[in-house]
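> give me a model of this one.
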Amino acid sequence: MTAWGKIGRRRMLGILGGTWAGLVTGDLALGAPATRQLSMPSVADAATPPLTSTGAKSVSLTFWTDSDPAARHVERMAKTYTERNPGVALTISASTFPVGVIAQKMFATFTVGSGAPDLIAIHFNDFSRYLKSGWGDKGLLDLPPLLTIQERKDILWPEYWSWKGKLYGIPFNNSVGVFHYYKPAFDDVGVDPQAFKTWDDFVKAGLALKQKGKFITVADISGWNQWIMLASQIGGGFFDKDGNVILDNDGSVRALELFADLVNKDRIAWGTSQFYAQGVLNEFADTTTVGVIIPEWYSQTIAPGLPQQAGKWRMAPLPRWQAGGARTAHRGGDCVSITTQSKNQDVAWKFLHWLLLTRDGAVEHFLDLVQAPKDRALYSPTYLPAARDNRVTGYRDPFYGNQAIGGVVAELVQEAPPLYSGPYLGEAMDIVNRDVFDKVMKGEATPKQALKTAADEVRGLM
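Numbers count the residues shown, from 1 in each chain. Reported below is the predicted structural model:
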């Protein structure tokens, strides 16, 4: 299964701490929207080091990914790239492996010194393994020297794929938290989720829906799946930009308190430990539950799963914690990296640059994903000029009543607070899933107690 279909395995990362080439400091005041703090390096614009190349005009690259739709997408984009660049004949042969397995195969090729692809898509769940093993430094190109100053400023958001001043991949897709909702149920109680100011408004709307026998949202009580978005909005999460554990800071605790209250105190959220199972779609189908807090990519689950409700769903920003706060939060994604073993690094870079770091390439990337008949997938833009292009912002979806959801995600991705992580992200996520949510949801520990215990355990590993 992939995030492009049944999204079960795309369970968030937290993403990467450390600045990238000293450019994005990501300072985030509690409750304030994200701002990009940039310091310009004193280097020549577009100072590009030599890359490995066979010199051939007709080139075939290899690409590894954990997603069949991503594989087909990149192969299509190679054909488009060839059409846009006369004199270049590029083909890409893509191979697909499960999450986790793909990292093991990559590490094996790094160990023997051969067999790696030219390009590798790295899922956020796997990226910390590259950092912890040291293979990120040894097996992946450090990309900032290939970028212009403006390109470095325009990538949204590189923190995922950065560690200790290095950038190991260009974001391939971003995921930002939104509220998907069944509009008729909210019309029935006179509430417009587009007008939510804060989470207090969300709770009030949930109480009104409760009077009608409905839940305002599904709540994944098995782990950090949704909590991380609420926490990131106010400076919580797993790690800060310096790699320090922040599981037990004020933002992390407040977010878990709110999440638990939605289920246990206010009883306006339907809690389930089977968030990605058919039962959730059944709840939507009979309108017992009429919304869900999850990134934009969930559209590729509910749209084909609820054809009878086409045109009746909408997408809204998340409520803020306070006036002026962030209306969303990052929650995962993928990057594409160039391996050090590639014999055609220059061609790989030119293709990657066109696809993800030019306006037209990045727009075609977005539209091909979201309009592919078999592999439809909505993700937030990864390149600022594309996020401001009307071909992206004007994209409308009939399932969402022809709402311009391209504009929704394009706007939100520009203000989403960055998420940070490091080599121990995987362990931190496992500890939270294992020890925090079950105890909190059963009332065996307060959010503050459970998160403090988890945070101390993670610190003990570092």
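> what stretches of the chain score poorly on pLDDT?
Across the chain, the ranges flagged by pLDDT under 70 are 1-56.
> look through it and tell me its longest helix.
helix 68-84 (DSSP state H).
> helices or strands next to it in the packing?
With contacts defined as 3 or more C-beta pairs under 8 Å, 6 or more residues apart in numbering; DSSP states H and E, the packing partners of helix 68-84 are strand 58-65, strand 89-96, helix 345-357, helix 359-371. All C-beta atoms are positioned from the backbone trio N, CA, C, and that covers glycine.
> tell me which residue is most central in this structure.
Geometric centre of the chain, nearest residue: residue 332, 2.5 Å, by C-alpha atoms, centre = their mean.
> report the secondary structure state of it.
strand (DSSP: H, G, I helix; E, B strand; the rest coil).
> with just CA atoms, put the longest helix of the chain into CSV.
This file holds the C-alpha atoms of helix 68-84, laid out as CSV (Å, rounded to 0.1, in the frame of the first residue of the first chain):
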residue,chain,number,x,y,z
ASP,A,68,4.2,2.6,-8.0
PRO,A,69,2.4,5.8,-8.9
ALA,A,70,5.5,7.8,-8.2
ALA,A,71,7.5,5.5,-10.4
ARG,A,72,5.0,6.0,-13.2
HIS,A,73,4.9,9.7,-12.7
VAL,A,74,8.7,10.1,-12.9
GLU,A,75,8.8,8.0,-16.1
ARG,A,76,6.1,10.2,-17.6
MET,A,77,8.0,13.3,-16.5
ALA,A,78,11.2,12.1,-18.2
LYS,A,79,9.3,11.9,-21.5
THR,A,80,8.0,15.5,-20.9
TYR,A,81,11.5,16.7,-20.1
THR,A,82,12.7,15.2,-23.4
GLU,A,83,9.9,17.0,-25.3
ARG,A,84,10.8,20.3,-23.6
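> helices along the stretch 301-450 of the chain, start to end?
345-357, 359-371, 384-387, 390-393, 405-413, 425-435, 437-441, 447-461 (DSSP state H, counting those that start in this stretch).
> helices and strands around the fifth one, which ones?
In this structure, helix 405-413 packs against strand 170-182, strand 313-317, helix 384-387, helix 390-393, with contacts taken as 3+ C-beta pairs under 8 Å, 6+ apart.
> the second one: partners in the sheet, and parallel or antiparallel?
Right, the one you point to is strand 313-317. Strands flanking strand 313-317 in the sheet, each with its direction: strand 170-182 (antiparallel) (DSSP bridges).
> tell me what angle the partner strand forms with helix 345-357.
Using axes from the mean of the first three to the mean of the last three C-alpha atoms, to 10 degrees, the direction of strand 170-182 lies 30 degrees away from that of helix 345-357.
> residues touching the following helix or strand past strand 170-182, excluding its own?
Sequence order places helix 183-188 as the next helix or strand after strand 170-182, per DSSP states H and E. Helix 183-188 is contacted from outside by 192-193, 205, 209, 212, 214, 287, 290, 312-314, 401, using C-beta atoms under 8 Å, 6 or more residues apart in numbering.
> can we see that at 10 Å?
191-194, 205, 208-209, 212, 214-216, 287-291, 309, 311-314, 316, 400-401, 403 (C-beta atoms under 10 Å, 6 or more residues apart in numbering).
> and this protein, what are its domains?
The chain breaks down into these domains under automatic domain parsing: 58-174+330-413, 176-328+418-461.
> what about the last one, distance to the chain center?
Think domain 176-328+418-461. Using C-alpha atoms, centre = their mean, to the nearest Å, the mean C-alpha position of domain 176-328+418-461 is found 15 Å from that of the whole chain.
> can you tell me the helix or strand for the closest residue to residue 231 other than its chain neighbours?
The shortest distance from residue 231 to any non-neighbouring residue, by C-beta to C-beta, 6 or more residues apart in numbering, is to residue 255 (3.8 Å). Counting by DSSP H and E, the element that carries residue 255 is helix 250-260.
> the helix or strand following that helix - contacts with which helices or strands?
Following helix 250-260 in sequence order, the next helix or strand is strand 269-272 (DSSP H and E). Judged by 3 or more C-beta pairs under 10 Å, 6 or more residues apart in numbering; DSSP states H and E, strand 269-272 is in contact with helix 199-210, strand 217-220, helix 250-260, helix 278-285, strand 291-295.
> residues making contact with the second one?
This means strand 217-220. 11, 179-181, 202, 206, 209, 225-227, 259-260, 262-264, 268-276, 279-280, 283-284, 289-294, 437, 441.
> picking up where we left off before, of all the helices of the stretch 301-450 of the chain, which lies closest to residue 136?
Nearest to residue 136, of all these, is helix 425-435, at 12.9 Å by C-beta to C-beta.
> hang on, the earlier thing: pull out the buried members of the contacts of strand 217-220.
Those of those that meet the buried threshold are 11, 179-181, 202, 206, 209, 225-227, 259-260, 262-264, 268-272, 275-276, 280, 283-284, 289-294, 437, 441, by 16 or more other C-beta atoms under 10 Å.
> quick one: residue 277 from residue 218, how far?
11 Å (C-beta to C-beta, to the nearest Å).
> now residue 75
According to C-beta to C-beta, residue 75 and residue 218 sit 35 Å apart.
> same check, this time on residue 396
Residue 396 is 25 Å from residue 218, where distance means C-beta to C-beta.
> which of those two has more neighbours?
residue 218 (23 against 12; other C-beta atoms under 10 Å).
> hey, what's the more buried one bridged with?
In beta-bridge terms (that is, DSSP bridges), residue 218 pairs with residue 270, residue 292.
> roughly how far does it sit from residue 286?
The value you get for residue 218 to residue 286, if C-beta to C-beta is used, is 13 Å.
> repeat for residue 420
40 Å.
> my guess is residue 430 meets residue 223, correct?
Yes - using C-beta atoms under 10 Å, residue 430 makes contact with residue 223 at a distance of 9.1 Å.
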